[in-house]
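Participant: Here you go, sequence then predicted model.
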Amino acid sequence: MNYLSDDEIARLEHKANEIRQSIVEMLVAAGSGHTAGPLGMADIFTLLYFDVLKHDPKNPDWPERDRLVLSNGHICPVLYATLAHRGYFPIEELLTLRKFGSRLQGHPHRTALPGLETTSGPLGSGLSQAAGMALGLRMDNPYTSQYVYCLMSDGELQEGQTWEAAMLAGKERLHNLIAIIDRNAIQIDGYTEDVMPLEPLREKFESFNFDVQEVDGHNIRMVLDAIGKAQAVYSQPSVIIAHTIPGKGVDIFERDFHWHGNPPGKGPENIIKKGDQGKEALKKLRSLSGSIKPAEC
Amino acid sequence: MKIASHLNPKLFDESIESAPTRDGFGDGLKEAGEKDPRVVALSADLVESTRVNLFAEEFPDRFIEVGVAEQNMASVASGLAAVGKIPFITSYAMFSPGRNWEQIRTTIAYNERNVKIIGAHSGVSVGPDGATHQAIEDIALMRVMPNIVVIAPVDAMEAKKATLWAASYDGPVYIRLGREKVPTITTVGTLFELGKGGLWIEKEGDLPHTVGIITTGSMFHNAAKAAVDLEKKGIGVSILHLSTIKPLDKEAILKLSEGHDLIVTIEEHQRYGGLGGAVAEFLSEERPTKVIRIGVDDQFGQSGETEELFKHYGLDKDSIVKKISEAFSV
């Protein structure tokens, strides 16, 4: 993790856009999967894998690496796309997502693909696993600077296990545990505050003895600063509540919970016909939401 | 009948030593901890009754109390295993694997993490606590899951050996323990080997009927006592004891079925899905054989003393004798 110049931030933003394009392409090819979460988390995944994490794509099992646990496995297209762009496996393989025989299972399976730290899909167990990793690393070295990042959704906070894990992390003062919550406010059945309200989220985590920060999950510099502060917290686990826009980057998908569990091509037809959804999404991304004229992109 | 020479010579004496299998686990875990610094243990607020206290007192820095939270415990253990630890998670079988089955499936078994699951207080023999605490479905729950070893030790001695073995094995293991004292059947000379049953009692002489009994957990002793009575009734008995239910000792089961008129399984578990299920599934494909499965017959348990409950659910010596005699109409 380094200080980043404005140019370097711009390069990460550009990389996140490429990753978003890969996400749309792989979802269209798969014909099923989740759209909103992966697009919404592309900036954070890009920042983590291209700047923050201590890791080595050529040596995925490097014992000194940081760990990234994806708890809400259904947003794996963003993890797969980021790993491929970072060099863990060929980018072309992304188009095998969810296909028979593919290493890119519909929900991530650790032993299938290099770079995955766990198997996930059933919600609410990631924070427990991350806490276990953080505890184990700390047993070996109480002053460890190996960090465990747990990426979670907001909807999965409705799983009771999350709070069992939060209690343990608070009790054990896991300084090397940094949870990042994708606070996009949607879940399959609607808006989180309608389905099962989560607020006040900050106060909930504070009361479990977490250091809590809230950031704009699309402002890479702001997220980077928050991670730096979280790393400096030495007597508590940290949580960064990242406010994101589900479907970010493709305006027709943004903020609409109908895109939670549908791929482009199978989403609502209120704006664009199914057959054109993938093409239109790629056009939006390549033109940076219309700021570049289609002829130039 | 011929009794394996490595068994306790007091097998049929009233004065046979006894200890709960959980005691053997407690000793074994402490020893495993001494041998390997990677061994760690977790408890969900049942430190003393699962006997993990022996480890916790010796290695406080390698012991984690997670509180009453078995789901978290399973996944935390997965995370510990991910960074090279060898975690043992301890609770009552009703809660682990009873409550945290999905966490065990996704984050341990499918995820190929080296976690050992210790389910104490299994079976109806828990007694007065009643049905809510009597796990009689746990063998089925664990056996159906790929990539996991299922062990139900016969006594404390074997529980210790199984625990030490589990610590040295790279992969998920479920060990089923009981609360009550059970007779010490085995000796230091009895071999514990994964997936290998022991033909501990062999029929002798030329009797009109023969039965091959297969037991798991602490049921061996009642079966052995029943064998004495059955012999007098003209039924020759062999007993194959399977401490490992998965992987199943298919070779030994096949051999047993070839040499006997009838196969009977006995377990402190539902008749469905446990040892009897495993044996019947296997034999129906390999060598169709009549199999009588003795176990709890699709009911929940209830409060009572162990002996009363064994009698009620047909697991005591007399019930076993009756069931097998009826099968031969003698």
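Facilitator: Received it, and whenever you're ready, just let me know what you need.
Participant: can you pull the contacts of the residue in the stretch 101-250 of chain B that chain A sits nearest to?
Facilitator: Of all residues in the stretch 101-250 of chain B, B:N111 sits closest to chain A, with a separation of 4.1 Å (CB to the nearest CB). (C-beta placed from N, C-alpha, C; glycine too.) B:N111 sits next to A:R110, A:T111, A:T118, A:T119, B:S78 when contact means CB atoms under 8 Å, 6 or more residues apart in numbering or on different chains.
Participant: Surely the first one touches A:T118?
Facilitator: Yes. Using CB atoms under 8 Å as the test, A:R110 is close enough to A:T118 to be in contact (5.3 Å).
Participant: just to revisit the earlier point, before we move on, what SS does the residue of the stretch 101-250 of chain B closest to chain A have?
Facilitator: Three states are possible here, and by DSSP: H, G, I helix; E, B strand; the rest coil the one that applies to B:N111 is coil.
Participant: okay, it: pLDDT?
Facilitator: Note on B:N111: pLDDT of 98.
Participant: all helices in the stretch 101-250 of chain A, in order from the N-terminus.
Facilitator: Listed from the start of the chain, the stretch 101-250 of chain A has helices (DSSP state H, counting those that start in this stretch) covering A:126-140, A:160-172, A:192-195, A:201-207, A:220-232.
Participant: Could you list every helix and strand in contact with the last one?
Facilitator: What that stands for is helix A:220-232. Helix A:220-232 makes packing contacts with helix A:6-30, helix A:42-47, strand A:177-183, strand A:211-216, strand A:238-243 when contacts are defined by 3 or more CB pairs under 8 Å, 6 or more residues apart in numbering or on different chains; DSSP states H and E.
Participant: how about these in CSV, adding mean pLDDT, mean neighbour count and distance to A:Q277?
Facilitator: Formatted as CSV, those follow (pLDDT from 0 to 100; neighbours: other CB atoms under 10 Å in any protein chain shown; distance: least, CB to CB, whole Å):
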stretch, mean pLDDT, mean neighbour count, distance to A:Q277
helix A:6-30, 96, 20, 8
helix A:42-47, 98, 27, 18
strand A:177-183, 98, 28, 22
strand A:211-216, 98, 19, 27
strand A:238-243, 98, 24, 26
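Participant: Chain B: which of the ones you listed is closest?
Facilitator: Each of those was scored for nearness to chain B using CB to the nearest CB, and the closest is strand A:177-183 (10.0 Å).
Participant: Do any residues in that closest one lie close to chain B?
Facilitator: No. Strand A:177-183 stays out of contact with chain B when judged by CB under 8 Å from any CB of the partner chain, the minimum separation being 10.0 Å.
Participant: relative orientation of that strand and helix A:220-232 in degrees?
Facilitator: Counting by axes from the mean of the first three to the mean of the last three CA atoms, to 10 degrees, strand A:177-183 points 150 degrees away from the direction of helix A:220-232.
Participant: Residues in contact with strand A:177-183: which ones?
Facilitator: Residues external to strand A:177-183 that are found in contact with it (CB under 8 Å, 6+ apart): A:37, A:40-41, A:44, A:72, A:75, A:127, A:130-131, A:134, A:147-154, A:157, A:169, A:201, A:210, A:214, A:217, A:227, A:230-231, A:237-244.
Participant: Much appreciated, bye for now.
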